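Visitor: fold the following.
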Amino acid sequence: MKYFNLFLALLFALFAAVQLNDPDPWGWVALYGFVAVVSAFAAFGRYHPYLLYLGLGIVLIWMATLFPDFINWVKMGMPTITGSMKAESPHVELTREFLGLLLCGLALGWHWRGAKEGG
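Guide: Below you'll find the model as predicted:
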């Protein structure tokens, strides 16, 4: 699991880095950076349950704000969100953000599970 957690740390650090050219980078850089740090600590068996709860809480609340837009995208027939890097319509950006939060939630859930199992 050590190498998988190191992979997650590197992956989320890269996610944070590419957000720097985004119009609204700081929330994303902070969240992706947070997941990268949690993953790096997890690679060495260091879990901080309260930080995991905090991170999962933030992700779930943020996802809840975007959930109606995600459902709207599904109702639209899930049109492509990969046409270009620039989001031409709101559903593209909001759906991408929702899916980014889902990735953060899955990674933090993975670490929460690891913490419950004792590392």
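Visitor: Thr82: what secondary structure?
Guide: coil (DSSP: H, G, I helix; E, B strand; the rest coil).
Visitor: what is the neighbour count of it?
Guide: Other residues near Thr82 come to 7 when the count uses other C-beta atoms under 10 Å. Glycine gets a C-beta too; all of them are placed from N, C-alpha and C.
Visitor: for it, grab phi and psi.
Guide: Reported as degrees, to the nearest 10, the phi and psi values for Thr82 are phi -120, psi 10.
Visitor: could we number from 433 for the rest of this?
Guide: Yep, numbering from 433; the last one is Thr514 now.
Visitor: residues contacting it?
Guide: By C-beta atoms under 8 Å, 6 or more residues apart in numbering, Thr514 lies in contact with nothing.
Visitor: how near is it to Val524?
Guide: 9 Å (C-beta to C-beta, to the nearest Å).
Visitor: check the secondary structure at the closest residue in space to Gly537 that isn't next to it in sequence for me.
Guide: Distance criterion C-beta to C-beta, 6 or more residues apart in numbering; nearest residue to Gly537, sequence neighbours excluded, is Val491 at 4.5 Å. For Val491, the reduced secondary structure class is helix; criterion used: three-state DSSP.
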